[in-house]
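Trainee: My questions are about this predicted structure, shown below with the sequence.
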Amino acid sequence: MRVTQGTFSYLPELTDDQIRAQVQYCIDKGYAVNLEFTDDPHPRNTYWEMWGLPMFDTRDAAAVMTELAECRRTYGDRYIRISAFDSTHGWESLRLSFIVNRPADEPGLKLVRQETGGRNIRYTTVPYATEKPEGQRYGVV
Amino acid sequence: MDTITPVDTATAPMSGKDRYRAGTMEYKKMGYWVPDYVPSDTDIIALFRVTPQDGVDPVEASAAVAGESSTATWTVVWTDRLTACDKYRAKCYRVDPVPNAPGQYFAYIAYDLDLFEPGSIANLTASIIGNVFGFKPLKALRLEDMRLPVAYVKTFKGPPTGIVVERERLDKFGRPLLGATVKPKLGLSGRNYGRVVYEALKGGLDFTKDDENINSQPFMHWRDRFLYCMEAVNRAQAYSGEVKGTYLNVTAGTMEDMYERAEFAKELGSTIIMIDLVIGYTAIQSMSNWARKNDMILHLHRAGHSTYTRQKSHGVSFRVIAKWMRLAGVDHIHAGTVVGKLEGDPATTKGYYDICREEFNPTQLENGVFFDQHWASLNKMMPVASGGIHAGQMHQLLHLLGEDVVLQFGGGTIGHPGGIAAGATANRVALEAMVLARNEGRDYVNEGPEILDAAARHCQPLRQALDTWKDVTFNYASTDTPDFVPTATAAE
Amino acid sequence: MPDTMTPPPSHDPALRVDLQAEMRETQVGEVLAQLDRELVGLAPVKARIRQIAALLLVDRARKRLGLQAETPTLHMSFTGNPGTGKTTVAKRMAEILHRLGYVRRGHLVSVTRDDLVGQYIGHTAPKTKEILKRAMGGVLFIDEAYYLYRPENERDYGQEAIEMLLQVMENQRDDLVVILAGYADRMDKFFRSNPGFRSRIAHHVDFPDYSDGELLVIAEKMLEGQNYRLSEPAKEALAAYIGARRTQPHFANARSIRNALDRARLRQAVRHFEDPGDGLTLDDLMTIEASDILASRVLTQEGRLDPQPTAGDTP
C-alpha cells in the first residue's frame, strides 16, 4: 500500500535535487516552507507534528534541505511532508504540500463498517499502524 | 473594413409638463438617455449588445432598453410624478458601435442601487433580463457584462466554501483537482454506478461526478445511488489514505425533495453535493444557504446555459452568469476547457476563470471583461473544466487554466483501454509530472509531450492513454469570441 | 597505455577562454565600478577586491576546463576601524560572488554576537541555526566577530555558535560564504585562539582609515546627496573639525562624519529659526555655514582651535 496524500505521490520518490527545486519554487514565490512528520496517516489527521516553525526568512532551499536531513535522521521511520504557506490576503493557507519521506513498509488503512437503519452504513477508517502506540508504529530506522 | 456611422448623441431629455403629457414619446426624451451621466460608485452597470430593427435609431433603441429594464412602460404615465422617478430611471449614458459588427451597438446602462432587493438574483434578473429581451424594436439583445458595486456584492453571502477552504478540507494543494463524470450518463444501476466511482477514485482521481440528468429515474433510485457511491468513496479513501468525494446530484422537482436528498448526502458523510443551473436562481441561493449551514461543498453544473450564452447577438454572456453565481454562492462552476469538445475560445474563457477566482477583475476588453469588478472578499469559485479532455493535453490545460481548477476527464478516464482505475492513474501521473516540471522552471508548454513521454516510462497506463488519444483534438471556430483584439496596431 | 589516457585538457589547443567576454557576461566589472563610485579613496581595498574578483573569474574558467575540481574556500575576513566601508564592500562582494555563480542568491545577512548567541542553555543553537538558514545562498557578515569568543567565561555560549559556524563553513561551502569583520588587532587575537577560523579564511582584506582629505570629500558627497553644500569658510572649518575629531575617542571614520553633518544641519535650522530675516532664499536653505560647524564641542571645549565668540550657547 502507498499513501498518496500530497502532490507528487503518484511519481517515483523525488530525489533530493527534485525536492530542492520544488522548495526553491516555493521560496521564490514568497511562501514560508515547513516540515511536518507523523506516524498516523489517517486522511483527516490534519495536524502532523511540526519540525520547527515555518521558515519565513530563508532565501535558499539549502536551509530547508539542511533541516530535512536532520528531520530524516530523527524521524526517518515516519511520514515527513513539506508544506508551503502563502500569507497573501485572500489565500492565507497552504500552496503546496508533498510527502518527502515515508516508512519502509506501509500497511495501509482498514475500513470498518457499522450497519445502521435504512441500509445506511457508518464508516470508520483506521490506519493499521495506529493500533500500536505513537512512536512505535513503523519500527526504528 | 466596414464603415461605422457615428452614433448621434445630441438628443436632450425633456422635462416638466412636456415630459408627462399623455401619449407616447421617444425613450431618449424621457430621461433614459443621459449622455453626460457619470455612474456613481454604487450604481449597477449593465453592458448590452443592442441590434436595433432596421431604421431604428441606436440611441433610441438603447434608451428603450434602459427604460424597459427599469421604470418605463410603452406610454407616459402620470403616476411617475408621485415618485423620485429621476433616481429610479435607468440611464443609458454611452452607446458605441461594436467593432467589425455593423448594426450592433454596445449600450452602457446605469441602474440605481435602490432598484434592487438586496441579496436576490431573482430580483436582479427580473429587471435586467426581464421583458426587455422580447422588445419588438430590437432584432436582438445580449447582456454582455455587468459591474456589480461592492455595496450590492456585500448583500450576498457568496460561495459557502470557496477554493481555499475546499483545499483545506480535501488536504490537496498545489495542483488542479481531478474528476470524472460517471458514464454512461443514463442506465447504470446503483451497484454498477458505484463500481465506476470506486475504480476512478482508487486509481487516483479526487472526485467523481453525477451527470446533470442523473436524478432519480426508473433504472436507479437516488437513495440507491447515494448509498453505493458512499461505499465506493469510503473504500477508495481507505485504499489511498486520501480524502475523496463524489458530487451527489440533489437536483429534483421540488425544494423539499432537494433538501431531503441533501440531508441524506450529509448523513452519509459526503463532502460535496451538486445542483443543476436549471433549478433556478432562487433554488440555487437556497441550496447555497443549506450548504453553508452544513459545511458542504456545492457543485453547480451549468445545464442549459448554452441556450442563452452561446450566440453572440442574443442572450446573456456566460461571464454574467458566472458573476451571478458567485453572488448566489456556489463553490464549483463549469467554465470551459478551451481545448475540449465544448464551446470556448481561450481569451473569453480566461475572462470567466478570472471572474471565478480573482479578488479583483480589472477591465480587460480582450478577454471580454468590460468593467473593473471588486469582489469584496466573497469566496472564490473553483472552475471546472469538463468535456473532451485527455491526459495528452495536460501541459495545455495547466497553462491555460492554471492550478485552481477541477479537470474532469470522463471519457478520458472511463474509456481507457486498461480500465477505469488505469485511466485515473494515467491522468494523475500526467498531472503531477506536469506540475513538477512547471515548478522546476521548465518550459512545460513546449516540452509538454516530452515530459509526458518521460512520465509514461514509469507508468504503463499513461503510455496507453497517450497512444489511444494522441490524435484527438477539437479545433472548431468558437461562436462567442471577444470583440476587441489586443494587438490592434495598424498593418504596414 | 598512452591511447587510453586523456591528455590534460590544457593540451587541447582548440580550448580557449575569453575572459573579456566573461567579464561582460557576468557584469562583474560593473559591480567593481559601482564600488569605485560609492566609496571615496580606499585604493588598497579596491585593489584587493579586484584581485579576488580576478582570481574567482579565472578559477571559474579553470573549473570549466577541468583544471580545478573543488569549490575554493571563499570565507573572508575584513579588518579595519569602524566606518571604513566594510559593510558596503561586503554587499558588493556578495554581488560579485553571485554574478560569478559562487553563491546562488547573493544577499547579505549582517549580524553581531547578539544575533547568534543566546542568553541561556539551549538558546544559542536555534538562534545560530536561524541565522545560518537565512544566510544560505548568500553571504553571512559577522561584525566584531571576536565577541563570539569570551575566554574569560568558561561557560560562554559563544563557543556553541563558533562550533556551528565552523561546521557550516567547512561542510556547506556551496551554500554560504562567511565574512568575519572587526578591528585588526582584536581579529588577530581571535584567530590566534581559534585556529579553526584562520584555516578556513581564504582572503584577508585590510581596511585602512580614511585620510583627512578623503573624509572631506566624503562629507561633500553626503551633503550633495541631501541637497546641501558647504560655504568656503565652512569647508575650512570642517577640515579643522576632521583633524580634531580623529584624535578623540570613538572616532569612526565616515560614520563620525555623517553624525557631525547631522548636527550641523540641525544648527543650520536653528540659526534660520532664530533669525528668519526677510525670508530665506534657496541658497540660504542649502548652505551650511562655518558657524554651523564651529559650534561643535569637538572644536570648542576640547578642541585645539580658539573658541569662537558665538559658540558659547551651543551644547
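Mentor: Looks like it arrived, so ask away. Model, not experiment: these values are computed from the prediction.
Trainee: Please make it C-alpha for all contacts and neighbour counts, starting now.
Mentor: OK.
Trainee: So what does the closest residue to chain A within chain B have for phi and psi?
Mentor: Closest approach of chain B to chain A (Cα to the nearest Cα) occurs at B:Gly174, with a separation of 4.3 Å. Torsion angles at B:Gly174 (phi, psi; degrees, to the nearest 10) stand at phi 80, psi 10.
Trainee: which residue packs closest to it, ignoring adjacent ones?
Mentor: A:Leu96 (4.3 Å; Cα to Cα, 6 or more residues apart in numbering or on different chains).
Trainee: Which secondary structure state is assigned to the one you found?
Mentor: Put simply, A:Leu96 is strand when judged by DSSP: H, G, I helix; E, B strand; the rest coil.
Trainee: swap in C:Val89?
Mentor: Here C:Val89 takes the helix state, with states given by three-state DSSP.
Trainee: B:Ile45 too?
Mentor: Following three-state DSSP, B:Ile45 is assigned to strand.
Trainee: Most distant residue from the centre of chain A?
Mentor: A:Gly118 (37.7 Å; Cα atoms, centre = their mean).
Trainee: Could you report the distance from it to B:Asp224?
Mentor: Distance, A:Gly118 to B:Asp224, by Cα to Cα, to the nearest Å: 11 Å.
Trainee: Could you pick out the residues of chain B near chain A for me?
Mentor: Proximity of chain B to chain A, by Cα under 8 Å from any Cα of the partner chain, involves residues B:164, B:168, B:171-175, B:227, B:234-235, B:237-243, B:268, B:359, B:377, B:425, B:428-429, B:432-433, B:436, B:439-440, B:458.
Trainee: Show the model's pLDDT score for C:Ala69.
Mentor: We have a pLDDT of 71 for C:Ala69.
Trainee: Go ahead and confirm A:Gly76 touches A:Asn101.
Mentor: Yes: with contact defined as Cα atoms under 8 Å, A:Gly76 counts as touching A:Asn101 (7.0 Å).
Trainee: rewinding a little: show me the residues of chain B next to chain A that map onto strands.
Mentor: Nothing among those maps onto strands, per DSSP state E.
Trainee: Which members of those occur in helices, if any?
Mentor: Using DSSP state H, the subset of the residues of chain B next to chain A located in helices is B:164, B:168, B:227, B:234-235, B:237-240, B:425, B:428-429, B:432-433, B:436, B:439.
Trainee: before we move on, back to that, check whether the residue farthest from the centre of chain A sits in a helix, strand or coil.
Mentor: From three-state DSSP, the assignment for A:Gly118 is coil.
Trainee: quick one, phi psi at it?
Mentor: Phi and psi for A:Gly118, reported as degrees, to the nearest 10, are phi 60, psi 30.
Trainee: pLDDT value on residue 76, please?
Mentor: All of this refers to chain A. pLDDT, A:Gly76: 94.
Trainee: I was thinking of chain C, sorry if that wasn't clear
Mentor: For C:Met76, the pLDDT comes out at 95.
Trainee: Surely B:Val34 touches B:Tyr93?
Mentor: Yes: at 5.0 Å, B:Val34 and B:Tyr93 qualify as touching, with contact defined as Cα under 8 Å.
Trainee: picking up where we left off before, gap between the residue farthest from the centre of chain A and chain B?
Mentor: Computed as Cα to the nearest Cα, to the nearest Å, the A:Gly118 to chain B distance reads 10 Å.
Trainee: Chain A: strands as residue ranges?
Mentor: Using DSSP E, the strands found in chain A span residues A:32-38, A:49-50, A:79-86, A:93-101, A:109-115, A:121-127.
Trainee: can you list those in CSV and add distance to B:Gly418 and mean pLDDT?
Mentor: Output for the strands of chain A, formatted as CSV (distance: least, Cα to Cα, whole Å; pLDDT from 0 to 100):
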stretch, distance to B:Gly418, mean pLDDT
strand A:32-38, 35, 97
strand A:49-50, 40, 97
strand A:79-86, 31, 98
strand A:93-101, 28, 98
strand A:109-115, 26, 95
strand A:121-127, 29, 95
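Trainee: closest one to C:Pro208 among those?
Mentor: strand A:32-38 (41.7 Å; Cα to Cα).
Trainee: for that closest one, the distance to its chain's centre please.
Mentor: 7 Å (Cα atoms, centre = their mean, to the nearest Å).
Trainee: elements contacting it?
Mentor: When contacts are defined as 3 or more Cα pairs under 8 Å, 6 or more residues apart in numbering or on different chains; DSSP states H and E, strand A:32-38 packs onto helix A:16-28, strand A:49-50, helix A:61-75, strand A:79-86.
Trainee: Surely B:Ala385 is in contact with B:Val405?
Mentor: Yes: contact criterion Cα under 8 Å: B:Ala385 and B:Val405 qualify, at 7.1 Å.
Trainee: joint contacts of these two?
Mentor: Here B:Ala385 and B:Val405 have no joint contacts, going by Cα atoms under 8 Å, 6 or more residues apart in numbering or on different chains.
Trainee: Tell me the buried residues in stretch B:299-319?
Mentor: Residues of stretch B:299-319 classed as buried by neighbour count (16 or more other Cα atoms under 10 Å in any protein chain shown): B:299-303, B:305, B:309-319.
Trainee: Can you tell me how far the residue of chain B closest to chain A is from A:Asp16?
Mentor: The gap separating B:Gly174 from A:Asp16 is 19 Å, by Cα to Cα.
Trainee: For those two, indicate the residue with more neighbours.
Mentor: For B:Gly174 and A:Asp16, the more surrounded residue by other Cα atoms under 10 Å in any protein chain shown is B:Gly174, and the numbers stand at 22 against 13.
Trainee: where does the residue farthest from the centre of chain A land on pLDDT?
Mentor: Here, the pLDDT recorded for A:Gly118 equals 83.
Trainee: quick one, what contacts it?
Mentor: By Cα under 8 Å, 6+ apart, the contact set of A:Gly118 is empty.
Trainee: same thing with the one 10 residues further on?
Mentor: Taking Cα under 8 Å, 6+ apart as the contact definition, A:Tyr128 lies against A:107-110.
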